[in-house]
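1. what's the 3D shape of this:
(one chain, ligands or ions: 1)
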Amino acid sequence: MSDETNNEGLNEAPWRATILTLYPDMFPGPLGTSLAGRALENGLWSLDILHIRDFAEGKHRNVDDTPAGGGAGMVLRPDVVGRAIDAATGEGDMRPRILLSPRGKSLTQEKVRSLKEAGGAILLCGRFEGVDQRVIDGRNLEEISIGDYILSGGELGAMVLMDAVVRLLPGVMGKVASGEDESFESGLLEYPHYTRPTIWEGHEIPEILASGHHGKIAQWRHEQAVALTKERRPDLYEAWEAEE
Ligand code: SAH
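-> I've put the predicted structure just below:
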């Protein structure tokens with residue numbers, strides 16, 4: 001147990017992330033500031049970083065090699081990545097093992113909530129052309145994408161995923177309710193917001209919002225959310241309407 005002393009405090013955090021990366025210096029990066037940073041300091045979540053290169057062998061510590069069958073770029077080796085994943089996975093560790101990947105299912109708010117419930121995640125950040133398929137299959141990695149575009153590495157994807165989860169953890173957001181009527185939570189995009197000054201560049205805040213009539217305000221916001229979703233995201237609108 002002695003070499004695990006460093007992890008002991010971290011392992012008690014309610015939500016535990018372990019990152020496997022070739023660029024450990026990128027972390028915590030933006031997650032070290034603001035809401036997520038404060039929550040990290042307060043032990044509401046933990047962040048362990050493993051450097052994939054530490055699991056490479058030989059003089060050159062190669063982590064990648066040329067693609068079998070030819071073609072451009074390099075591929076992360078399954079032996080090196082496999083050892084890194086095994087090192088990240090503690091005994092009885094049931095956290096999902098995720099590979100950030102443009103081929104994965106798109107990250108959604110629903111998925112974010114389920115990852116929050118899972119108590120943490122092991123996140124493998126790909127680089128180069130990607131990761132040898134045998135380690136994806138052999139270690140049961142779930143591929144998750146953050147959108148239909150190609151990043152140069154999985155690190156920013158891992159940060160996006162963690163940021164979305166961490167803000168949902170109890171005690172992270174000021175007001176518990178503020179997570180609940182946001183875009184996607186109800187299947188709709190959110191209604192528009194307004195604040196002071198009451199007149200800005202000749203534009204007033206919609207009258208209803210000053211009425212003090214909570215029922216009517218809620219109704220108006222709902223109508224706005226429906227209209228906005230219908231206009232901008234017909235895909236979400238149709239799914240929402242089918243549910244109604
Ligand atoms: N050759 C791959 C792209 C590799 S990009 C392909 O065409 O599918 C290098 C790494 O960046 C990937 O292994 C992955 O970890 C990460 N990455 C790139 N785009 C991503 C996205 N949209 N979502 C999540 N991770 C992504």
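2. give me the contacts around stretch 26-41.
-> Stretch 26-41 is contacted by residues 19, 21, 45-47, 49, 155, 159, 162-163, 166-167, 169, 171-173 when judged by C-beta atoms under 8 Å, 6 or more residues apart in numbering. The way it works is simple: take the backbone N, C-alpha and C, and place the C-beta from them, glycine included.
3. in strands, which of those residues fall?
-> In strands, defined here by DSSP state E, the members of the contacts of stretch 26-41 are Ile19, Thr21, Trp45, Ser46, Leu47, Ile49.
4. for the last one, give me its contacts.
-> Read it as Ile49. Thr18, Ile19, Thr21, Pro24, Phe27.
5. how many other residues sit next to the closest residue to the ligand within the chain?
-> Closest residue of the chain to the ligand, C-beta to the nearest ligand atom: Gly126 (2.1 Å). Neighbour count of Gly126, defined by other C-beta atoms under 10 Å: 25.
6. just the one 3 residues further on next, same as before
-> Glu129: 14 surrounding residues under other C-beta under 10 Å.
7. now the one 3 residues further on
-> One way to gauge burial is a neighbour count; for Asp132, by other C-beta under 10 Å, it gives 20.
8. residues contacting the closest residue to it other than its chain neighbours?
-> If the residues on either side of it in the chain are set aside, Asp132 comes closest to Pro78, at 3.9 Å by C-beta to C-beta, 6 or more residues apart in numbering. The contact partners of Pro78, taken as C-beta under 8 Å, 6+ apart, are Val131, Asp132, Arg134, Val135, Gly138.
9. mind listing the strands for the protein?
-> Applying DSSP E to the chain gives strands spanning 15-21, 45-51, 64-65, 75-76, 97-106, 120-125, 142-145, 199-200, 203-204.
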